[in-house]
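Student: what follows is a predicted protein model with its sequence.
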Amino acid sequence: MTLITDIRLRRVLDSRGNATVEADVLTESGGFGRGKAPSGASTGEYEAIELPANEAIAKAREEALPRLIGEVHAGNQRDVDAALHAADGTDDFSGIGANSAVAISMAAAKAGADVLGAPLYQHLGGTFRGNEYPTPLGNIIGGGEHAADATNIQEFLAAPVGAPSVEEAVFANAAVHQEVHDILADRDLPAGKGDEGAWAPSVSDDEAFEIMDEAVETVADDFGFAISFGLDVAGAELYDDESDGYVYDDGVKSTEEQIEYIAGKVEEYDLVYVEDPLDENDYEAFADLTAQVGDQTLVCGDDLFVTNVERLQAGINADAGNSILIKPNQIGTLTDAVDAIELATASGYESVVSHRSGETEDTTIAHLAVATDAPFIKTGAVGGERTAKLNELIRIEDNAV
Ligand SMILES: C=C(OP(=O)(O)O)C(=O)O
Ligand SMILES: [Mg+2]
C-alpha cells in the first residue's frame, strides 16, 4: 500500500527568502506527503552538507529517485532513509545534499502516515508514545549570526517550565516576547527582529539578561506558573582560534573564563538551559561545565553533536553535556535523528528537537518531538514559520490532527 510511485522535487522559498527543497511523495494507494528542508546560519562544522537547492534537486532526481520509486515503501522509514544513504554514497550527504535527503525523508514519513490514516507523531512514535508534550523554548532576544549589531549570545530563550499545557506554554512565550518589546520601548531602545523573530536590540549581553529576567517574572506572575529562561550561546561562533578564546564586544574570554562566566549566569539567573556554551571541538570544556552545573541545568550540544550518533557517543564517553539538540537536516534523515534521540535517552541525555534559523511552514519537528517524548522543542515564539510548529503542537495536544 505504501509503495512509493512518484516523487516530485521543486525549489520553494524559506523564511529568509532563500531557495530550499520541497519534496512530494506519492504512494500506490494514493498516500501523499510533502516535506521541506530548513537551513541553518550558525551551522556546525560537522553538519551534513546542504547543496544549492537546484543542484540538490538535480542530484536527487538522478541518484535517489530511481532507488525509491517502485522500490521502497514509504511506510518503512528505515528503508526510505537507507535508500537515501545508498543513493548519496558519502558520509555527509554531499552527494545529493542533506536538503534533498531531509525533504524526501520527511515527505515519505507523511505519506506513510497518510496511508495508515494516523497522525504523523503516532506513525513515527508508535501507539505507546505521544502522551507527553514538549515544553517550547521561545527565542525572545537574539543576535550572533542571526542579527547584526545585537547581543553576542545568539539566543535568550523563554522556558515556561511550569505551564500546565502546551497551549499555555506557547501563549506564555508569545507574552514574554511582547513584554520584552514593552521593556525595550520603556528604555527607548529600538529593536528590529532577527532571523527567528527574536528582538535584536543593540544592547549588551548583560542588559539582555536583565530584560529577560524582568520579562519572564512579569509574565509568570500574570499566567500563574513558573517561567524560566535559557540560552543558546552558539559558542563555536564566538570562539576564535587566533585569539585563543571567546570574542565578545567587551573583550576575549579564555576557555576557563567562559566556563566561569556561563556557570555564573546559571547561578545568577537560575538558567534551565544552556546550549553550545563552548566551542564545538571542546568536549573537555563541555565536560568541565557539565560537572559544575549539570545537576541544575541542561547543558545541550548543538554544533557539538550535530545530531550525529558518533559525536554524541564521544560526548557520552567524555561526560560532555547532558542533552542534545536534534535537527533532522543536520544529519539528513529522520532515521538518523531518531537514532540520536534513542542513544541519548538510553544514556540519560535529554533531547531537544529544534528548528533552524531558516525555516518553512513544515511541521514535521512538532510531530517528531511528540513521537519521541522529547522534553523540549525549540521552535521560536512568533512568526509564521515558527507558529506553524507551535500551532501544530496545540492541535496535537487537542487531538485535532
Ligand atoms: C537554530 C539555530 O540556528 P541555526 O539554524 O542558524 O544553526 C541554533 O544554533 O540552534
Ligand atoms: Mg544552536
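Tutor: Sure thing, it's come through. Ligands and ions are numbered 1, 2, ... in the order given.
Student: can we go C-alpha only for contacts and neighbour counts from here?
Tutor: OK.
Student: and the residue of the stretch 151-300 of the chain nearest ligand 1?
Tutor: Relative to ligand 1, the nearest point of the stretch 151-300 of the chain is Ala234 (5.9 Å; Cα to the nearest ligand atom).
Student: leaving out sequence neighbours, find the closest residue to that residue.
Tutor: Excluding the flanking residues, the one nearest Ala234 by Cα to Cα, 6 or more residues apart in numbering is Asp276, at 5.1 Å.
Student: need the contact list for the residue of the stretch 151-300 of the chain closest to ligand 1.
Tutor: Counting by Cα atoms under 8 Å, 6 or more residues apart in numbering, Ala234 touches Ser42, Gly144, Ile153, Gln154, Glu275, Asp276, Pro277, Leu278, Asp279, Asp303.
Student: let me know the secondary structure of Asp24.
Tutor: Following DSSP: H, G, I helix; E, B strand; the rest coil, the label given to Asp24 is strand.
Student: what does the stretch 1-150 of the chain have sitting close to ligand 1?
Tutor: Gly40, Ala41, Ser42, Thr43 (Cα under 6 Å from any ligand atom).
Student: any idea what Tyr248 is bridged to?
Tutor: Gly251 (DSSP bridges).
Student: tally of neighbours for the residue nearest to Ala234?
Tutor: By other Cα atoms under 10 Å, the residues close to Asp276 number 24.
Student: try the one 10 residues further on
Tutor: Counted with other Cα under 10 Å, the neighbours of Phe286 add up to 27.
Student: try Asn281
Tutor: 14.
Student: Thr307 and Ser351, how far apart?
Tutor: Taking Cα to Cα, to the nearest Å as the measure, Thr307 falls 10 Å from Ser351.
Student: list the residues that contact both of those two?
Tutor: With Cα under 8 Å, 6+ apart as the test, Thr307 and Ser351 both reach Ile324, Leu325, Ile326.
Student: out of these, who's nearest ligand 1?
Tutor: Within the shared contacts of Thr307 and Ser351, proximity to ligand 1 (Cα to the nearest ligand atom) peaks at Leu325, which comes in at 7.6 Å.
Student: pretty sure the closest one sits against His355.
Tutor: No - taking Cα atoms under 8 Å as the definition, Leu325 is not a contact partner of His355, at 9.7 Å.
Student: got the contact list for stretch 115-127?
Tutor: Residues outside stretch 115-127 that contact it (Cα under 8 Å, 6+ apart): 1-2, 29-32, 109-110, 112-114, 129-130, 364, 367-368, 370-372, 401.
Student: more crowded one of Thr307 and Ser351?
Tutor: Thr307 (32 against 29).
Student: checking that one next. Helix, strand or coil?
Tutor: Secondary structure, three-state DSSP: Thr307 is coil.
Student: the closest residue to it other than its chain neighbours: what's it in contact with?
Tutor: Excluding its sequence neighbours, the residue lying closest to Thr307 (Cα to Cα, 6+ apart) is Ile326, at 5.3 Å. Applying Cα under 8 Å, 6+ apart to Ile326 gives the contacts Asp302, Val306, Thr307, Ala337, Ala340, Ile341, Ser351, Val352, Val353, Ser354.
Student: check Leu84 too.
Tutor: By Cα under 8 Å, 6+ apart, the contact set of Leu84 is Ala64, Arg67, Ala101.
Student: and if you look at Gly75?
Tutor: Going by Cα under 8 Å, 6+ apart, Gly75 touches Thr2, Leu3, Ala108, Ala109, Ala111, Gly112, Ala113.
Student: so it, which state does it fall into?
Tutor: Going by three-state DSSP: Gly75 is coil.
Student: in stretch 236-244, which residues are buried?
Tutor: Within stretch 236-244, the residues that count as buried by 16 or more other Cα atoms under 10 Å are Ala236, Glu237, Leu238, Tyr239.
Student: make a markdown table from the contacts of Ala234 and add secondary structure to it.
Tutor: Shown next, in a markdown table, are the contacts of Ala234 (three-state DSSP):
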| residue | secondary structure |
| --- | --- |
| Ser42 | coil |
| Gly144 | helix |
| Ile153 | coil |
| Gln154 | coil |
| Glu275 | strand |
| Asp276 | coil |
| Pro277 | coil |
| Leu278 | coil |
| Asp279 | coil |
| Asp303 | coil |
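Student: out of those, which is nearest to Phe209?
Tutor: When the contacts of Ala234 are compared for distance to Phe209 (Cα to Cα), Ile153 wins out at 10.2 Å.
Student: where do the strands sit along the stretch 251-400 of the chain?
Tutor: Taking DSSP state E, counting those that start in this stretch to define them, one finds strands in the stretch 251-400 of the chain at 251-253, 273-275, 298-301, 323-326, 350-354, 376-378.
Student: list only those of the residues of the stretch 1-150 of the chain next to ligand 1 flagged as buried.
Tutor: For these, a burial check counting by 16+ other Cα under 10 Å picks out Gly40, Ser42, Thr43.
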